[in-house]
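Visitor: curious how this folds, go ahead:
(chains A and B)
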Amino acid sequence: MTHHDIVIIGGGPAGLSAAVAARKAGIQDILILERDGVLGGILNQCIHNGFGLHTFKEELTGPEYASRYIAMVEEEKIPYKLNTIVADINKEREVTYINREEGLVTIKAGAVILAMGCRERPRGALNTPGYRPAGIYSAGTAQRLMNIEGYCVGKEVVILGSGDIGLIMARRMTLEGAKVKVVAELMPYSGGLKRNIVQCLDDYGIPLKLSHTIINIEGRERLTGITLAEVDEHRNPIPGTEEHYSCDTLLLSVGLIPENELSKGAGVSMNRITSGPNVDDCLETEVEGIYACGNVLHVHDLVDFVSQEAALAGENAAAYVKNGKRGEKCHKVPLLAENGVRYTVPQVLNVDTMQDTVTVRFRVADVYKDRYIAVYYDDKLISRKKKKVLAPGEMEQVVLKKSSFADYPEIGRIKICTEVE
Amino acid sequence: MEVRNLICIGCPLGCPVTVTMDGDDINVTGNTCPRGADYARKEVLSPTRIVTSSIRVNNGAIARVSVKTKNDIPKSKIFEVMDEIRSTRVDAPVSMGQVLIADCAGTGVEIIATKDVERA
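Guide: A predicted model of the protein is given here:
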C-alpha cells in the first residue's frame, strides 16, 4: 500500500488552504483528492464578488479567490488527483479512492484532512405538497447550470429560502433577464448576510417575504406556479393568507448540510447541531490523525474564514505527522454552548497544548439585539462583549488566550453564552 | 436636511449607517471603518456597483467564462452593461484578467475575465 504523509479529501478552498499550510509546515508528501475535474470547488461557480477581503485585503470573485490558492498549490508542486472520488476512509487512515486511470486504490495516510465541503438541502427534505415537475432546482444547482454550463434556467422565478446562495441567485437571474417575483423565507429573519439583501434584493426591487412558505407546487411536466402562505410562530401556514404566483422556476435555498458520509465511515463522532465532526482546538476529530476543516466541519458564511480554519488544520496535521500524538495526559476542557449560542467549533480545548490563541466560532439561535457574548471558565465570568445585533445567518467568534488559563489550573468547562444585561 | 439609513455593502459586517445631508454637507455615522463612510457618501450622491456575470465562450472547455466590471459602474447603467455582456461572444482560450469588452455600454469601464478557460 502506498503511503502519503498527509492525504486531503477535497480540493476546494478548505483543501487547498490546508495543503499549502501543511507544506509550509515542512511536509513534502501531500496528496489532494478531488472528485471534480478542476480544483477550486464551489468557488468556480460563485462568480460574484466579495471574497477575500480578510485574506487578500481586496474584493475578488470566487474564481479569482480560488485561483490564488490554486497558484500556491502549483507553486509548491503539491500533487493532486482530479476526477477522483474517495469511497472510504477507515480509522487506520486507509483511504480508498476510485478514478478512471487507476481503478480502485487504497492508500495509507499519516494524517487525513477532511475537506469535503457541504451540499444543499433538497426539495425532498421539505415535504412540500405537489407534483414533481421540471423547473425546481436547488439554488446552487441553478448557479452551476447558469454560470458554468451556460443554460438559461428559467424566466419567471420564485425563490424559497433567503440563504446567501438564494439571494445571490435572485440578482443573477434578474441580470440575465428573468423576473424574480418573490423570495420567501420561513423564518422571521433572513438566513443571509445583510449586504446581500441590500445588493441582491433591494437594488432590484425584489420583495422578501419573511415568515412565509410554499404550500403547493403546481404543474405536471413543467412548473406552472406555486402557492405562498404566511406562517404563524409555530411555522404553520395561516389559512386565508394564501397567494398564488405563476412561475416556471423555483429555486430552493433552504440550508446546507456538511457532507460527512466518509467521516462517519471512519468512525468520527458527529455533532448533532453542526452536522460536522466534533473537533478539538487542533481541529482533530475524535479519531487520531483525522482532521476536519471548512464546510464539512460546519457551514461558513465567508470563504476567508474557511481558508484560515483549513490552514490551522494543515499546520496541526503536519505537527502530528512530525511529532506524533500529543501528550496522553492532556487537560481536555469541553466548550459548552448555552443560552442563545447554538454550538461552538471547536467543542473541546486542550489547555496544556493549545496555541497562544484559539478562535472559537459559533452561531446564535435567533436574532438578538443589544446582547452580550459572555465567556465563563467554570462559573467565573472571563469576558463580555456587547453586540448591537446577533443573527443566526452571521457566524460569530471569540478568541481564547492561553495565558488566560494560568489562573484556572483545575478548569472543568468553558461556557459561551449570550446575556441580556 | 435629509436623513437616509443605509446598510453598508463594503464587507460582510453590513454596518447600519446613517447619512445626514444638509446641502453640500454630508455627515456619516454608524460606520465601523473608513470604507463605510466612502460607501455611504457615494451611495447618496451617485451609487455604483461592481457587476459580475458570464460571457459565452466559443470552443471552450466550459461554456462560459465568468467576468466582472474592472471598476464599479453607475447603478443606473447596470442593465445596459448587462445587455452588452449578454450579446458578447469570445473565443477560447481566455485568461484571467483578459479584457473582453474595452468600454462597456459607454461607461468607460472594461469587462475582464475572472477565470481561465482553455480550448475544448
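Visitor: mind listing the helices for the stretch 51-200 of chain A?
Guide: Shown for the stretch 51-200 of chain A, the helices assigned by DSSP state H, counting those that start in this stretch span residues A:62-75, A:139-147, A:164-175, A:194-196.
Visitor: need the pLDDT of the most centrally placed residue in chain B.
Guide: Centroid-nearest residue in chain B, with C-alpha atoms, centre = their mean: residue B:50, separated by 0.7 Å. According to the prediction, residue B:50 has pLDDT 95.
Visitor: cool, and residue A:198?
Guide: In this model, residue A:198 is scored at 92, pLDDT.
Visitor: and the helices of the stretch 51-200 of chain A, which one averages the lowest pLDDT?
Guide: Mean pLDDT per stretch puts helix A:194-196 lowest among these, at a mean of 88.
Visitor: next secondary structure element downstream of it?
Guide: Using DSSP states H and E, the helix or strand that follows helix A:194-196 in sequence is strand A:208-210.
Visitor: which residues sit against that next one?
Guide: Residues lying outside strand A:208-210 but in contact with it, judged by C-beta atoms under 8 Å, 6 or more residues apart in numbering or on different chains, are A:162, A:182-185, A:187-190, A:197, A:201, A:228, A:230. Glycine gets a C-beta too; all of them are placed from N, C-alpha and C.
Visitor: so how far is the helix or strand following it off the chain centroid?
Guide: Note on strand A:208-210: by DSSP H and E, the next helix or strand toward the C-terminus is strand A:212-218. Its chain's C-alpha centre and that of strand A:212-218 lie 27 Å apart, by C-alpha atoms, centre = their mean, to the nearest Å.
Visitor: ok, residues contacting strand A:212-218?
Guide: Against strand A:212-218 from outside (C-beta under 8 Å, 6+ apart): A:128-131, A:133, A:136, A:158, A:160, A:184-186, A:223-231, A:235, A:237, A:242, A:250.
Visitor: ok, back up a step: for the helices of the stretch 51-200 of chain A, which one ends up most surrounded?
Guide: Comparing these by mean neighbour count (mean count of other C-beta atoms under 10 Å in any protein chain shown), helix A:164-175 ranks first with a mean of 26.
Visitor: figure out which of the helices of the stretch 51-200 of chain A is closest to residue A:300.
Guide: helix A:164-175 (10.5 Å; C-beta to C-beta).
Visitor: what angle separates the closest one from helix A:139-147?
Guide: Here helix A:164-175 runs at an angle of 30 degrees relative to helix A:139-147 (axes from the mean of the first three to the mean of the last three C-alpha atoms, to 10 degrees).
Visitor: name the helices or strands packed onto helix A:164-175?
Guide: Counting contacts by 3 or more C-beta pairs under 8 Å, 6 or more residues apart in numbering or on different chains; DSSP states H and E, helix A:164-175 is packed against helix A:139-147, strand A:156-160, strand A:179-185, helix A:194-196, strand A:249-252, helix B:78-86.
Visitor: now the longest helix seen in chain B: mean pLDDT?
Guide: The longest helix of chain B (DSSP state H) is helix B:34-45. Model confidence over helix B:34-45, given as mean pLDDT, is 90.
Visitor: for residue A:335, what are its contacts?
Guide: The contact partners of residue A:335, by C-beta under 8 Å, 6+ apart, come to A:344, A:346-349, A:360, A:413-416.
Visitor: ok, what's across the strand from it?
Guide: On the basis of DSSP bridges, residue A:335 takes part in beta bridges with residue A:414.
Visitor: and the one 10 residues further on, by the same measure?
Guide: Residue A:345 has these beta-bridge partners by DSSP bridges: residue A:361.
Visitor: correct me, but it touches residue A:359?
Guide: No. In this structure, residue A:345 is not within contact of residue A:359 by C-beta atoms under 8 Å, at 9.3 Å.
Visitor: that older thread, only whichever of the contacts of residue A:335 are buried, select them in PyMOL.
Guide: Command for PyMOL that selects the buried part of the contacts of residue A:335, burial taken from 16 or more other C-beta atoms under 10 Å in any protein chain shown:
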select buried, chain A and resi 344+346+347+348+349+360+414+415+416
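Visitor: which of the contacts of residue A:335 lies closest to chain B?
Guide: residue A:360 (18.8 Å; C-beta to the nearest C-beta).
Visitor: find the nearest non-adjacent residue to the residue of the stretch 151-300 of chain A found nearest chain B, please.
Guide: Closest to chain B within the stretch 151-300 of chain A is residue A:194: 3.2 Å, counting by C-beta to the nearest C-beta. Once flanking residues are discounted, residue A:194 sits nearest to residue B:14: 3.2 Å by C-beta to C-beta, 6 or more residues apart in numbering or on different chains.
Visitor: tell me the contacts of the one you found?
Guide: Applying C-beta under 8 Å, 6+ apart to residue B:14 gives the contacts A:193-195, A:198, A:394, B:7-8.
Visitor: need those in JSON lines with distance to residue B:21, can you?
Guide: Shown next, in JSON lines, are the contacts of residue B:14 (distance: C-beta to C-beta, whole Å):
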{"residue": "A:193", "distance to residue B:21": "27"}
{"residue": "A:194", "distance to residue B:21": "23"}
{"residue": "A:195", "distance to residue B:21": "22"}
{"residue": "A:198", "distance to residue B:21": "19"}
{"residue": "A:394", "distance to residue B:21": "29"}
{"residue": "B:7", "distance to residue B:21": "18"}
{"residue": "B:8", "distance to residue B:21": "17"}
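Visitor: re earlier: from the contacts of strand A:212-218, which ones fall inside strands?
Guide: Those of the contacts of strand A:212-218 mapping onto strands are A:136, A:158, A:160, A:184-185, A:225-230, A:250, per DSSP state E.
Visitor: for chain B, what lies in contact range of chain A?
Guide: With the criterion set to C-beta under 8 Å from any C-beta of the partner chain, chain B comes near chain A through B:6-12, B:14, B:49-54, B:56, B:62-64, B:66-68, B:75, B:78-79, B:82, B:86, B:96, B:114-116.
Visitor: okay then, goodbye and thanks.
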